[in-house]
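**Q** Quick one, structure for this:
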Amino acid sequence: DLLDDAITRVIHLDRGADTSTGVMHEYKGTYTQYMKAREADEVRLAKEIAQQAKEIERLQTIVDRFGAKATKASMAHSIEKRIDRLKEAAPQSVQARKVLKLRLPEPPHCAKTVLEAKDLAVSYPGLDVFEDVTFDVGRGDRQLIMGLNGAGKTSLLRVLAGITEPVIGEFRWGMGVSVGYYAQEHEGIRSGANLVEHMREATGGMGDGDLRAILGMFGLVGDKVFQDASTLSGGEKTKLALAQLVGGKHNVLLLDEPTNNLDPGSRTAVADALSGWGGTLIVVSHDAEFVEALQPDRALLMPEGTVDHWHDSFLELVTLA
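**A** Purely as a prediction, here's the structure:
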């Protein structure tokens, strides 16, 4: 919805699979209209390429049949020239859009009550972020943390992840809980280590082949996996951090704006994977489409710490929060 409201045209940069020359296409209208028009263009182009290949094959059969006969040699030569012209004018096949196909492993079994938090408070010198926040989370729940900027959403996730200590209050994870944390600023991605090394640290015990397979699900393949992780783009860092969570085999995920920096297709793939996952999600997000796909059970409103059952009217507040 945001893209549809914000744009009036899309510039699509294409590179043929058999050439290094790029081609620019302009699509007027909303993002949704672009997606439909682009899909139609790809279908049409695929048909043209198939028809062209079929015609070239038919003509080549004639050349092969007549080429050895002296009386037909000139005809065969003319047909060969026609084949060459067809090949020169043939439409270039486009590189298929890279669609992520993500699958999260089944979450390990854990206690029915995943988290109990009581009277949590966070403050910094001269600033009280929140206080008296009490809530619990059950196995398989999907809880969205909502609030305006500065309300303490990220601060709460950092407390639950064990990165910072609350000023007062306490929380307890249930038996068998394994927590994975996605930090909005990619704090766990450091200089001097490549992608495979980051995956080793996050998973422990998995072979490099399995680690590279997980990275591959996120489109991180080839020499890219040996690149210094600090040199990745924002979107690539997001994919690496999410790949680490997949490899970690957790049953609880703390996600702080996990779709930031992702292209629309990747955002959809991540949302689809998480919506079908059986684990517990505690999420901060301003992405209304992502939140809608997750279908949260409850909303935790910060800084008050009020817990409410989820209803769709909250979606209007997601992008504002």
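**Q** three-state assignment of residue 14?
**A** State at residue 14, reduced to three classes by DSSP: H, G, I helix; E, B strand; the rest coil: strand.
**Q** Counting neighbours, which bits of stretch 134-147 end up buried?
**A** 135, 136, 137, 139, 140, 141, 142, 143, 144, 145, 146, 147 (16 or more other C-beta atoms under 10 Å). Any C-beta I mention is one placed from the backbone N, CA and C, and that applies to glycine too.
**Q** for the second one, what are its contacts?
**A** Going back to what we said before, that points to residue 136. Each residue near residue 136 by C-beta atoms under 8 Å, 6 or more residues apart in numbering is listed here: 113, 115, 116, 117.
**Q** Who is residue 143 paired with across the strands?
**A** For residue 143, the beta-bridge partners under DSSP bridges are residue 282, residue 298.
**Q** Residue 154: neighbouring residues, count only.
**A** Using other C-beta atoms under 10 Å, the number of residues around residue 154 comes to 19.
**Q** so which helix or strand takes in it?
**A** helix 153-160 (DSSP states H and E).
**Q** quick one: buried residues of the helix or strand that that helix is followed by?
**A** Next helix or strand after helix 153-160 toward the C-terminus (DSSP H and E): strand 168-173. Across strand 168-173, burial judged by 16+ other C-beta under 10 Å covers 169, 171, 173.
**Q** circling back to that earlier point, can you tell me which of the contacts of residue 136 lies nearest to residue 31?
**A** residue 115 (37.2 Å; C-beta to C-beta).
**Q** Neighbour-wise, which one of the contacts of residue 136 leads?
**A** Among the contacts of residue 136, residue 115 has the most neighbours (other C-beta under 10 Å), with 23 neighbours.
**Q** wait, what's in contact with that residue?
**A** Contacts here follow C-beta under 8 Å, 6+ apart; on that basis residue 115 touches 136, 137, 160, 171, 172, 173, 174, 177, 252, 280, 282.
**Q** Quickly name whichever of the buried residues of strand 168-173 is closest to residue 307.
**A** Using C-beta to C-beta, those come closest to residue 307 at residue 171, 14.3 Å.
**Q** if I pick that closest one, what's in contact with it?
**A** Neighbour list for residue 171: 115, 116, 117, 118, 120, 159, 160 [criterion: C-beta under 8 Å, 6+ apart].
**Q** Mind listing the residues bridging to it?
**A** residue 117.
**Q** what's the pLDDT at it?
**A** On pLDDT, residue 171 comes in at 97.
**Q** what sits against the closest residue in space to residue 151 that isn't next to it in sequence?
**A** Residue nearest to residue 151 in three dimensions, not counting chain neighbours: residue 302, with 4.1 Å by C-beta to C-beta, 6 or more residues apart in numbering. Contact analysis of residue 302 by C-beta under 8 Å, 6+ apart lists 130, 133, 145, 146, 147, 151, 152, 153, 156.
**Q** Many thanks, have a good one.
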